[in-house]
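A.B. asks: Here is my input, please return the structure:
(chains A and B)
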Amino acid sequence: MSKKEMPFKKKSRGREIWRLFRKNKPAMIGLAIFAVILLVMIFADVIVDESLCYSFTGMPLEKPSAEHLFGTDNLGRDLFARVIHGSRVSIFLGIAATVAPLAIGAFIGAVCGYFGGWLDNVIMRLFDLIASIPGMLLLLAMVTAMGVGMENLLWAMIITGVPGYARFVRATVINLTDLEYIQCARSYGTNNFIIILRHILPNALGPIIIMMASSVSGTILACAGFSFLGFGVQQPTAEWGAIVSASKPFMRQAPYYTIIPGLAIVVTAMSINLMGDGLRDALDPRLKD
Amino acid sequence: MKDTKANAAAIDVRDLYVEYRTDDAVVRAVNGISFRLEKGRTLGLVGETGAGKTTTALALMRLLPDRVSHVAGGEIYIRGDDVMALPDRTMNLIRGEIISMIFQDPMTALNPIMTVGDQIKESLKIHNSEKRSEREIDARVDEVLELVGIPAERKKDYPLAFSGGMKQRIVIAIALACSPDILIADEPTTALDVTIQAQVLALIDELKQKLGTALLMITHDLGIVVKTCDDVAVMYAGQIVEYGSVQQIFSPGDHHPYTEGLFGAIPNVRSKARRLTPIEGLMPDPTALPEGCKFSPRCPKCMEICRTQEPAESERDGHRLKCHLFGGEAHE
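C.D. replies: Prediction:
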C-alpha cells in the first residue's frame, strides 16, 4: 500500500459516507452545531482573552449585560470567558477519555480475538473482573486513591473504559478472523501482525467508529459530572462541569450561572450524539440504499 | 534449499488425520490419507461435499483454524520439508512463494477494503527475496493481472467493482504472483457460471504449462478432472477410496463402488438412460463414522465383512483401491 494511493481510497469511500450523512437532517444540524462549538474552542483566544477567566473584573453575581455577556460568577469573574475557554478542557477531556481507551482497547481486543487461547482467556477474565465493579464506583474509588485532578480522572477513565472497548472489538474481530479473505491473506504468507493491522482492524473500523461516535458525548457528560462532584477538574480551572459545581450555592440568586455552562454541556453532547447517529446510519451497510 | 531437495516430491502426504473439535463432539474430517504429487503433475482430489477435500488442502498449507481443528496424525512434506515441524516464520515464507492456494469462493476471498492491486502487491512484498524495487513490484502486479486477463489499469479498483469471474481471476493472480512451485486449486470454478468456468480452467491449464507448476485440483466435477488432471484421488468420508491415473479411473474395470456411483450420477449424452442414478443416502455423520468400510451403509455391493472390518488397500500398477471387493481374500 503506497502512500500515493491512500488519498484515492479515502476519497472514494469517504464520499459515499458523506453522501449518506448529508441526507440525514438531524445529523447535519448536529454537525453544524458541533462545527460552531469547535470553532469557538479553536478561536477562544481571539474571542476573549484567557486572562479574563481568572481576573476579577466585575462585582460578584452580576446579571448578564453588555460588559459581561453571561454575567459574572460568585467571585466576579467574567462567565463568558470562563464558558468559552472551558470548552477546551471539557471537549479535550471528553475526546481524550474516549480515544485513548478505545485505541488501547481496540489493540488488546484485536490481539485477543485473533489469537484466542490462554492469553485471551486471562485478559478477558481480568476485564470481566474490572467490568463487574460498577463503573461509577470504580472511577470514584480510583480517583480518590490517586488523588483528584484532570490527569488522574483521565487515567481512571482509561482503565475503566478499556475493558468495554476491548470486548467489543474482540467480538468484531472474531467474526472477521474466520473469513476467507483473512485465510487468503495468510495463504500467501502474510504474518499475523500485518493481518491484524491491515486486514482485520480496517475492516472492523466501521463498528469502532460508530462505537466511538456514540460514546464521546457520554464521556463528555461523565467528565463534566465528575468535575461537578469535585473529583475531576479543580477550581480555578475553567471547565463546564466545575463551573456548574461552583454555581450550586447560588442557583436561586443567579440561575444563569448554572444554566449557561449546563446548556453548553447539553448542546455539545447532543450535537455529538446527532452526528454519531448519522454516522452510524451512513456506515451501516444494512441501511445503505 | 532448493537444490538438495531436488528429488523430493512437490507434496508428500503420509497417513494424515485431521480432527475438528467442538465442545461435545470430535469431527473426524480426514482419516489417514496418503498421496504424492510430483513436480509439474496435476492431481485431482474428487469427492462429495464434506469428504474432507478442503480440510486436506488447509492442512497442507498449515492454515487449519487452530482454535477448533488440529492434525491428529501423519506427516506432510512440501518439497521435502516437514510442514508440521517448520517454524511460523519459515512457513510464512513457504506460503505464497512455494505453495499457494486458489480459494473456493471469490466473493469472500478478497479483502473488500483493499484495492486488488494492493492485495497482489502485498504478497510480492512479503516474498521479495530478489530485492525488487517498488517500480518493479508495480510492474509485476500489472504483469500478473494481464496474465489472468484483467487490464492492468484496473488494479486501483476495489473488489466490489469486479464480477464473480473477474474476482476469481484476481484470486488466481494473487496465488500466482510469486510464481509458486505448487498450486492448490480448491474448487476454483464452483462459484462461477459455466461459461466462465471454461475460461478459468483454460487459464489454469495455460499457466500450468507455462510455469511448470504442480497442481492439486480439488473438485467434485469429474468433467474438470478428465480435462486437467494426470492422477485422481477419490475421497470419501476423509479417506482416499480409489487412486490412480486418469486413464485407470475413467476406463472400465475394477472400481470402487463409490467411484462407480459418482460416474452414475453425471449425465451422459450418449447414454440411453432417462434418469441419473444418484448414490443413495448421504455422507455419514463425521462425528459418528460407521464401523468397517465408511461407504458400507450406502454401498450397493455391501457384503457382511464390509460392516465390521475396514478394508485394506490393494494396489495394481499404481491403481489403489480401498474395498473388500478387490485384493485380499475377496478378490479371487
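A.B. asks: what's the pLDDT at residue 72?
C.D. replies: In the absence of a named chain, this looks at chain A. The pLDDT attached to A:T72 in the predicted structure is 86.
A.B. asks: hm, I was asking about chain B
C.D. replies: In the predicted model, B:A72 carries a pLDDT score of 90.
A.B. asks: Ok, B:Q247 next?
C.D. replies: Confidence at B:Q247, expressed as pLDDT, is 90.
A.B. asks: buried stuff in whichever strand or helix holds it?
C.D. replies: Taking DSSP states H and E as the definition, one finds B:Q247 inside helix B:246-250. Across helix B:246-250, burial judged by 16 or more other C-beta atoms under 10 Å in any protein chain shown covers B:V246, B:Q248, B:I249, B:F250. In short, each C-beta sits where N, CA and C put it, glycine included.
A.B. asks: And the contacts of it?
C.D. replies: Judged by C-beta atoms under 8 Å, 6 or more residues apart in numbering or on different chains, the contacts made with helix B:246-250 from elsewhere in the structure are B:44, B:225-226, B:229-232, B:234, B:242, B:255, B:259, B:317-319.
A.B. asks: hey, which helix or strand in chain A has the poorest pLDDT?
C.D. replies: Per-element confidence for chain A was summarised using mean pLDDT, DSSP states H and E. The lowest value among helices and strands belongs to helix A:6-22, with a mean of 67.
A.B. asks: For the closest residue in space to A:P64 that isn't next to it in sequence, grab phi and psi.
C.D. replies: In space, and not counting its chain neighbours, A:P64 is closest to A:G71: 4.4 Å by C-beta to C-beta, 6 or more residues apart in numbering or on different chains. Dihedral angles of A:G71 (phi, psi; degrees, to the nearest 10) stand at phi 80, psi -170.
A.B. asks: so what's A:G71 up against?
C.D. replies: Going by C-beta under 8 Å, 6+ apart, A:G71 touches A:L61, A:E62, A:K63, A:P64, A:S65, A:L79, A:A254, A:Y256, A:Y257, A:I260.
A.B. asks: one step back: would you convert the contacts of helix B:246-250 into JSON lines that also reports neighbour count, secondary structure and distance to A:N273?
C.D. replies: Formatted as JSON lines, the entries for the contacts of helix B:246-250 read as follows, by neighbours: other C-beta atoms under 10 Å in any protein chain shown; DSSP: H, G, I helix; E, B strand; the rest coil; distance: C-beta to C-beta, whole Å:
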{"residue": "B:G44", "neighbour count": "25", "secondary structure": "strand", "distance to A:N273": "59"}
{"residue": "B:V225", "neighbour count": "22", "secondary structure": "helix", "distance to A:N273": "60"}
{"residue": "B:V226", "neighbour count": "14", "secondary structure": "helix", "distance to A:N273": "64"}
{"residue": "B:C229", "neighbour count": "23", "secondary structure": "coil", "distance to A:N273": "61"}
{"residue": "B:D230", "neighbour count": "16", "secondary structure": "coil", "distance to A:N273": "65"}
{"residue": "B:D231", "neighbour count": "22", "secondary structure": "strand", "distance to A:N273": "64"}
{"residue": "B:V232", "neighbour count": "25", "secondary structure": "strand", "distance to A:N273": "63"}
{"residue": "B:V234", "neighbour count": "26", "secondary structure": "strand", "distance to A:N273": "61"}
{"residue": "B:E242", "neighbour count": "27", "secondary structure": "strand", "distance to A:N273": "65"}
{"residue": "B:H255", "neighbour count": "24", "secondary structure": "coil", "distance to A:N273": "69"}
{"residue": "B:T259", "neighbour count": "22", "secondary structure": "helix", "distance to A:N273": "65"}
{"residue": "B:D317", "neighbour count": "8", "secondary structure": "coil", "distance to A:N273": "76"}
{"residue": "B:G318", "neighbour count": "10", "secondary structure": "coil", "distance to A:N273": "72"}
{"residue": "B:H319", "neighbour count": "18", "secondary structure": "strand", "distance to A:N273": "72"}
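A.B. asks: what would the residues you listed look like in CSV with distance to chain A?
C.D. replies: Shown next, in CSV, are these (distance: C-beta to the nearest C-beta, whole Å):
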residue, distance to chain A
B:G44, 20
B:V225, 23
B:V226, 27
B:C229, 22
B:D230, 24
B:D231, 23
B:V232, 24
B:V234, 25
B:E242, 29
B:H255, 34
B:T259, 30
B:D317, 35
B:G318, 30
B:H319, 32
